Every structure is written in C-alpha cells, then in structure tokens.
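Trainee: the amino acid sequence is not available; the structure is as follows:
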C-alpha cells in the first residue's frame, strides 16, 4: 500500500510537469540556459558558529578511483574538483579542510586530485588543510602532500609511499586442466604481463621494462612529497614539521603511525578534525567560521534511473569492509596491507 501511494504521488508529479510543459508551449519563447556539465552540488551546514565566513570540508573516503562513484553518474575526481570549484568561487569560503580516510588507489586519479588541490591553492590563495582519519596511506598520503598543513592522529596509518602493480600467473593451473594457449602477436612484448606464460618464459628485458615503469612512477611519488612538503614549510614561515634528512629511508612502502610520520616530517601536527579546523582558522586569519560541505544533489530523473538499472544477481559475502577491485596491469598508489 505504501509503495502504491508513493507511485501515485510520483505519477501525479509527472502529470503536473507534463501539463506545465504543454501550456508553456503557448507562452512567449524565452532564452534557455543550459546547466554546465558536472555534478550538481548544494551547500549544507555542518557547524553554525554564527559567522559571516565559512570553511569548506571536502571528504575523500575509500579507494581513490576514476570510476563512477555516485548515483548521479559522477566520478570521485569530478566530485572533488566540483567541490573545490565551489569553494574557490565563494568569496565567503576562506579555507578548505580535506578530510582523508583512504588506503590509496589508482595512480592517475591520485595524481589528478593532487594537482587539483595544488591548483586550487595557487589560484584562490585559500589554504587547504589535510585532516587524516584512520587511513591516509599511499595514494591517501599522495593527495595530502600538496596541502598547506597536514594534521594526523597519533593512531592514523599513513605513509606507504610506493607503487604496486598486481598480476596473476595461472599457467600452472592451465597445465593441470589441459589448457594450452595459442597466441598470435605483432611484437615479442605484445603479451607483456600475460598470466598464460610460464615464469621461465618471461624474458629478463621484459621484467626490466616493467620494473623501470614502477621506478619512474615511484620517483614521481617522491618528487611530489619533496616538493609539497618543502613548499608548505616555506609558506608556513618555518612553522610545522620539515622533512627529516633521512625521510627517503622511510619512503620504502612501509606504513607509519601518525606519530612516526610527524618525526620524519611527513605531517605537521598531531590531532583530530577539530585541531585541523583550528589550523585552518589560523592560516586563514579567522577568529570564527561556519563549517559547510557540498553534497551532490539528485533530481527525479536520477531517482527513476536507479529503478531502471538492471544488475546480474551475484553472491556477496559481507566481510565488514569493501575490498579493492584491482585490475591486472594497473598501477596503484595503494598500501599492500589492504590488498588481501
């Protein structure tokens, strides 16, 4: 009965819309302003401090990915860029707190978010303060590095500076069941990373090429850390933590606690979200500010699209967390701790 009532209300709304469109056909033609592509956002109030200025809170939670992450068809990268754009264009927003709780993710998506944050600070002059939650490892740290100030809890797991590529070799299983691959290729390396070959069939120069790709991306990660932390330290007039002389010894993929990260200069301060907000006020020269957040807005069309989506039934085992779906041959800034 409840479902029938909801359906009746939706039909009535749809009917009224159609009637309005019918009569609007007889009205004088007016200019139509099309909505720009991208997520539709609306501002919500997180904390009202009766202030005339605002601090925007942007969340980065879960695996950093370029895949569609919302019901409105937007990716994580699109959502973050749209939120930063809103914060940049709103003159009342004086700072941004980036609330990070992520084990990392795709290399390209992490790099795009990193660049978006750096570009936001450069063009707007507004500081971004990273507030690390339970996790800010690998790609989660990569997107925090360009921030003007980084706050981590003592128990935050961060660091894990490195790159990983995951693949499988299933030739032994194929041999057991009697399967033999037939491969036709244009060059000797066209089947690079294929799991059908025996390990001894993989040429050493191919292994070297893959490792060179990993090393190049790893070098980029270290450059980002070095440039981001040194730039922030200069902007903060020497306040905060500077990178330790031996910081590269700890950039070997290991996971660090917030306390260890502070000792090596990977973060500036220990504390929680409230401490990060205080740091944002200090860097922006504010005594008080309201905390706001940008939520994606859905319309009736999005609601109907949810019902039109057809999915193949699948068995799902609840392990208490969503495990990352790693693609073979894809580079990741992802902590190995969370691969299995």
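Mentor: Structure's in. What do you need? Note that the structure is predicted; figures quoted are calculated from it, not measured.

Trainee: with adjacent residues omitted, what lies nearest to residue 180?
Mentor: residue 174 (7.2 Å; Cβ to Cβ, 6 or more residues apart in numbering). No exception for glycine: its C-beta is placed from N, CA and C like everyone else's.

Trainee: what about that neighbour, neighbour count?
Mentor: 15 (other Cβ atoms under 10 Å).

Trainee: hang on, it packs against residue 196?
Mentor: Yes: using Cβ atoms under 8 Å, residue 174 makes contact with residue 196 at a distance of 6.8 Å.

Trainee: common neighbours of those two, please.
Mentor: Common neighbours of residue 174 and residue 196, counting by Cβ atoms under 8 Å, 6 or more residues apart in numbering, are residue 181.

Trainee: contacting residues for residue 275?
Mentor: Counted by Cβ under 8 Å, 6+ apart, residue 275 has contacts 131, 151, 269.

Trainee: so which strand or helix has it?
Mentor: Following DSSP states H and E, one finds residue 275 within helix 273-284.

Trainee: again with residue 129
Mentor: Per DSSP H and E: strand 128-137 holds residue 129.

Trainee: average pLDDT across that strand?
Mentor: When pLDDT is averaged over strand 128-137, the result is 97.

Trainee: which neighbouring elements make contact with it?
Mentor: For strand 128-137, the elements it packs on are strand 93-102, helix 107-124, strand 149-152, strand 157-159, helix 273-284, judged by 3 or more Cβ pairs under 8 Å, 6 or more residues apart in numbering; DSSP states H and E.

Trainee: angle of the first one against helix 107-124?
Mentor: Interaxial angle, strand 93-102 versus helix 107-124 (axes from the mean of the first three to the mean of the last three Cα atoms, to 10 degrees): 160 degrees.

Trainee: and strand 93-102, what's its mean pLDDT?
Mentor: pLDDT averaged over strand 93-102 gives 97.

Trainee: got it, and the longest one?
Mentor: Within the predicted structure, the mean pLDDT of helix 107-124 is 96.

Trainee: same question for the fourth one.
Mentor: Averaging pLDDT along strand 157-159 yields 96.
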